[in-house]
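# Could you work out the structure for the sequence below:
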Amino acid sequence: MGDSMALTELTELKYRRMEVCAAIQRRTDWRPPYALSTALELMAIELPRMPALPSRRRMRYRKRSRTSEDVAVAVPHLNRRYRVKGVNAVVWRFPMNIVTVERQFACTSPPCTWAMFAPYVGLEELIVLGDSMTRRDGRLRRSTVEELGLYLDGAEEYARQEREAGRQCRMFRGYADCRRALPMIREGTDSSMETRTRLALMKYGLDCPRVNYPVFIGHGEKTLYLDLAYPEFKICVEYDGSHHAGQWLTDVKRRQILEDAGWKYVQVTTMDIGDDSSEAALAGRVAERIYEVTGSIAPLTERKTIRQICDGRSRYRKPMHLRLGFTPLLNSGVGDGDALVDVIGDCDP
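Okay, the predicted model is just below:
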């Protein structure tokens, strides 16, 4: 189970892919937009995990990119597809919004690329990919949840107009999963492993934690952003990947500051994510911290599927603190966009 890709890795991958695309463009005048994994690499967006695919769809996807030197492009019709060595075309009938990378590489836009991945990846990876496109770091932010939703609205309108004109047009395969994924995407995350941690907790009945919850240090001169937080219980869940190995002392100091301020700290590593037993144990550790704070047992559930946690009925149930009859230590607000913070006294990170 690997860590998320950092900015430097994504940038290196982008420039390697640019070299491949530039070599192809030197030997052909055909210029369809790059799509799927090629578009993600050129836009420096972390790729979703493909093993979630059913075997038949996985094989269809792999045909689009047979080797690391092949590129994927999108065309609107079969008759627009040409034979060019190293280029594999996928037909995309729906609106094909285009962005240009480095003034020379036309790609399907992030929302369009996200929708195009729907037939090939599972529901969970659609959420992970949506988070990856809406990062907190402005150098990696490529879209917003609103823009993803607007693209789906446009695709639906296009299909409606086609049918009204007497032409057959079904919604693209995976459209329903895109709609399910959209409310679960959180803007302002920092890594795909944080997303997977968030979803793992929800699979066992815990509330959706706040992402990158801000905590002011001193008199507001500095701010710590918690990966995942339950501010109503003052519990933070921090994912420590391999990139943290070189900042061990900083992480220790950060943890000490938070614990001194009364936060319960739950550390997560790659060993805690990826299989049912590890994720169940992680949810149990968070439930134990809730018990330490409230004196009440947080009711966990049997493991839910990703589709079950996307169900609207789950999203609108009472928050955990209300179910436990507990008065929140901090106001967690009604949404991830609320600027509600915990102020820590005079201390330096």
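
# Would you mind giving the domain segments of the protein?
Using automatic domain parsing, the domain parsing of the chain gives 7-184, 192-343.

# and the nearest residue to residue 49 once chain neighbours are set aside, what pLDDT?
Spatial nearest neighbour of residue 49, chain neighbours left out: residue 125 (5.7 Å); criterion: Cβ to Cβ, 6 or more residues apart in numbering. C-betas here are computed from N, CA, C, even on glycine. Note on residue 125: pLDDT of 96.

# do the same with residue 70
Value for residue 70, per-residue pLDDT: 88.

# one step back: could you dump the domains of the chain into JSON lines and include mean neighbour count?
Listed next are those as JSON lines, based on neighbours: other Cβ atoms under 10 Å:
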{"stretch": "domain 7-184", "mean neighbour count": "17"}
{"stretch": "domain 192-343", "mean neighbour count": "17"}
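
# and residue 329, how far is that from residue 41?
43 Å (Cβ to Cβ, to the nearest Å).

# for residue 121, same thing?
16 Å.

# weakest of the domains of the chain by average pLDDT?
domain 192-343 (a mean of 86).

# Show the pLDDT at residue 4.
71.

# burial count for it?
22 (other Cβ atoms under 10 Å).

# Chain neighbours aside, what residue packs nearest to residue 180?
Nearest to residue 180 is residue 310, by Cβ to Cβ, 6+ apart, at 4.3 Å.

# give me every residue that touches the one you found.
123, 180-181, 183-184 (Cβ atoms under 8 Å, 6 or more residues apart in numbering).

# Now for residue 300, which secondary structure element holds it?
Under the assignment given by DSSP states H and E, residue 300 is not contained in any helix or strand.

# Could you measure from it over to residue 127?
21 Å.

# Also residue 90?
From residue 90 to residue 127 the distance is 22 Å (Cβ to Cβ).

# if we can go back for a sec, surely the residue nearest to residue 49 touches residue 47?
No - when contacts are counted by Cβ atoms under 8 Å, residue 125 is not listed as touching residue 47 (9.4 Å).

# from memory residue 98 sits against residue 106, does it?
Yes - contact criterion Cβ under 8 Å: residue 98 and residue 106 qualify, at 5.3 Å.

# what sits in contact with each of these two?
Joint contacts of residue 98 and residue 106 (Cβ under 8 Å, 6+ apart) are residue 33.

# Strands along the stretch 151-300 of the chain, start to end?
210-217, 222-230, 235-239, 264-268 (DSSP state E, counting those that start in this stretch).

# want to throw these into a markdown table with distance to residue 280?
Output for the strands of the stretch 151-300 of the chain, formatted as a markdown table (distance: least, Cβ to Cβ, whole Å):
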| stretch | distance to residue 280 |
| --- | --- |
| strand 210-217 | 22 |
| strand 222-230 | 17 |
| strand 235-239 | 15 |
| strand 264-268 | 13 |
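
# Out of those, flag the one nearest residue 135.
Checking these against residue 135 by Cβ to Cβ gives strand 210-217 as the closest, at 10.0 Å.

# got the angle for that closest one vs strand 222-230?
140 degrees (axes from the mean of the first three to the mean of the last three Cα atoms, to 10 degrees).

# what's the angle from strand 210-217 to strand 235-239?
110 degrees.

# packing partners for strand 210-217?
strand 222-230, strand 342-343 (3 or more Cβ pairs under 8 Å, 6 or more residues apart in numbering; DSSP states H and E).

# Include distance to residue 18 when you put those strands into CSV, please.
As requested, these are exported to CSV (distance: least, Cβ to Cβ, whole Å):
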stretch, distance to residue 18
strand 222-230, 31
strand 342-343, 43
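
# and residue 304, which of those strands is closest to it?
strand 222-230 (17.9 Å).

# the helices in the chain, which residues?
7-26, 36-42, 55-64, 110-116, 123-133, 145-164, 175-181, 192-202, 248-260, 276-294, 306-310, 312-315, 320-323 (DSSP state H).

# got the contact list for residue 172?
Here residue 172 is in contact with 92-94, 115-116, 118-119, 155 (Cβ under 8 Å, 6+ apart).

# if I look at it, how far off is residue 179?
12 Å.
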